[in-house]
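Participant: give me a model of this one.
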Amino acid sequence: MGDDDAREGRGTRRKGASLAPAAARGLRRLRDRRRAARPGDTGRPAEPRPGDTGAAEGADGPYGAGRAGPEAPGGRPEQAERLRRRRLRTALGVLADRILLIAPRIPVRDLATLRRQFPGLGPEEIADRLVTGALKGSATVGAGVGGAAMLPVPPAMPAELAAEITGVAAVELKLIAELHEVYGQRPPGNLHQRTTAYLRAWTSERRIDVARPATVDAALGGQLRRELRQRLLKRTLRNLPNLAPFLIGAAVGAAMNRRETARLADRVREDLRRSAVPWEKLPGDTRGGALPPADGRGGG
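Facilitator: Modelled structure (predicted):
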């Protein structure tokens with residue numbers, strides 16, 4: 001019995017003695033790494049010890065030979081920044097594709113329908129009605145998304161912001177298309193070509209010059225997609241305060257969207273007035289067939 005206890009005690013002491021050098025080496029490696037990674041440390045780097053795996057770090061720092069630390073050129077901050085930019089471009093591309101997908105489905109009233117819905121009104125009066133409706137629509141979208149963000153849920157914020165931008169874009173695209181109808185500036189081509197031209201007008205905040213086919217053709221190229229991403233980026237940055245909690249974002253979103261839509265409408269209408277075509281000079285199927293000019297105010 002006593003011999004067994006003695007042998008067990010000697011075995012335990014041998015195990016402890018064998019673990020002590022390994023623990024000491026581990027502590028030394030940890031101390032050397034901390035000293036090498038400490039900013040502003042002017043001490044001499046630790047000398048490599050035989051059998052020490054941490055000696056491979058040497059002058060290359062705690063990240064190993066050939067590996068850049070967080071502060072080195074091409075290190076982790078630069079990689080993180082590139083990753084953030086790539087994710088942002090991807091998100092903007094998805095949002096642009098969404099707008100390109102829904103744009104042809106936005107219901108646009110032609111001039112004949114507008115004149116039937118607003119009888120006795122000229123181009124300026126109908127344009128005022130259209131702008132008033134668009135301002136209410138964009139403000140409603142901003143207030144709705146801001147109200148949904150009353151209690152902030154960070155994972156849902158990108159989806160809420162994308163929904164607001166898409167909704168406001170649909171309202172403004174419809175406004176631009178109908179303003180072109182009112183001022184007799186409908187772009188040539190089929191539905192897809194006209195929709196793409198209206199997207200070009202939305203991104204540039206200018207009218208489509210139907211007298212110059214080059215402007216319409218430019219809207220059909222890859223430049224439209226780049227300009228659309230830039231437009232969405234600006235709108236995203238401006239709409240970030242709309243996600244403020246406790247209904248603050250609802251008020252901010254309604255006011256900001258209303259202001260942006262009004263500014264867009266003013267710029268487009270200013271361009272359209274310069275080249276407005278009187279209703280009397282439009283083809284019969286464009287101006288509504290037998291509908292007479294409204295009180296002789298068919299011009300712009």
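Participant: so for stretch 135-142, mean pLDDT?
Facilitator: Across stretch 135-142, pLDDT averages out at 92.
Participant: so what touches it?
Facilitator: 164, 167-168, 171-172, 239, 242, 250, 252-258, 260-262, 265 (C-beta atoms under 8 Å, 6 or more residues apart in numbering). From N, CA and C alone the C-beta is placed, and that goes for glycine too.
Participant: 10 Å instead?
Facilitator: Residues outside stretch 135-142 that contact it (C-beta atoms under 10 Å, 6 or more residues apart in numbering): 163-172, 174-175, 239, 242, 249-262, 264-265.
Participant: which SSE is immediately downstream of the helix or strand encompassing Arg28?
Facilitator: Here Arg28, judged by DSSP states H and E, is contained in helix 2-37. For helix 2-37, the following helix or strand on the C-terminal side (DSSP H and E) is helix 76-102.
Participant: mind giving me the packing neighbours of that following helix?
Facilitator: When contacts are defined as 3 or more C-beta pairs under 10 Å, 6 or more residues apart in numbering; DSSP states H and E, helix 76-102 packs onto helix 157-182, helix 191-204, helix 222-239.
Participant: that helix versus helix 222-239: what angle between them?
Facilitator: Helix 76-102 and helix 222-239 are oriented at 110 degrees to each other (axes from the mean of the first three to the mean of the last three C-alpha atoms, to 10 degrees).
Participant: please work out the average pLDDT along helix 76-102.
Facilitator: 82.
Participant: tell me the mean pLDDT over the helix or strand following it?
Facilitator: Following helix 76-102 in sequence order, the next helix or strand is helix 111-117 (DSSP H and E). Helix 111-117 shows an average pLDDT of 94 in the prediction.
Participant: how about the following helix or strand past helix 111-117: buried residues?
Facilitator: Going down the chain from helix 111-117, the next helix or strand is helix 123-148, by DSSP H and E. For helix 123-148, the neighbour count (16 or more other C-beta atoms under 10 Å) marks 123-124, 126-127, 129-131, 134-135, 137-146, 148 as buried.
Participant: what's the answer for stretch 229-246, then?
Facilitator: Quick answer for stretch 229-246 (16+ other C-beta under 10 Å): 229, 231-232, 235-236, 239, 242-244.
Participant: ok, now stretch 96-110?
Facilitator: Quick answer for stretch 96-110 (16+ other C-beta under 10 Å): 96, 98-99, 103, 108-110.
Participant: re earlier: now tabulate the helices and strands packed on helix 76-102 in TSV and tack on distance to Asp32 and mean pLDDT.
Facilitator: Output for the helices and strands packed on helix 76-102, formatted as TSV (distance: least, C-beta to C-beta, whole Å; pLDDT from 0 to 100):
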stretch	distance to Asp32	mean pLDDT
helix 157-182	44	91
helix 191-204	57	87
helix 222-239	46	79
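Participant: would you turn those into a markdown table with distance to Ser275?
Facilitator: What follows is the helices and strands packed on helix 76-102, written out as a markdown table (distance: least, C-beta to C-beta, whole Å):
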| stretch | distance to Ser275 |
| --- | --- |
| helix 157-182 | 11 |
| helix 191-204 | 13 |
| helix 222-239 | 22 |
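Participant: which one of those lies closest to Val277?
Facilitator: Of all the helices and strands packed on helix 76-102, helix 157-182 sits nearest to Val277, with 10.4 Å by C-beta to C-beta.
Participant: does anything pack onto the closest one? Which helices or strands?
Facilitator: helix 76-102, helix 111-117, helix 123-148, helix 191-204, helix 222-239, helix 248-274.
Participant: quick one: which of those helices is nearest Glu181?
Facilitator: Per C-beta to C-beta, nearest to Glu181 of the helices and strands packed on helix 157-182: helix 111-117, 4.6 Å.
Participant: please spell out which residues along the closest one are buried.
Facilitator: So, applying 16+ other C-beta under 10 Å, buried residues of helix 111-117: 111-112, 114-115.
Participant: want to try JSON lines for those residues, with distance to Ala80 as columns?
Facilitator: Below are the buried residues of helix 111-117 laid out as JSON lines (distance: C-beta to C-beta, whole Å):
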{"residue": "Leu111", "distance to Ala80": "53"}
{"residue": "Ala112", "distance to Ala80": "56"}
{"residue": "Leu114", "distance to Ala80": "52"}
{"residue": "Arg115", "distance to Ala80": "57"}
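Participant: what's the closest of those residues to Thr196?
Facilitator: Looking across these and measuring by C-beta to C-beta, the closest to Thr196 is Leu111, at 20.3 Å.
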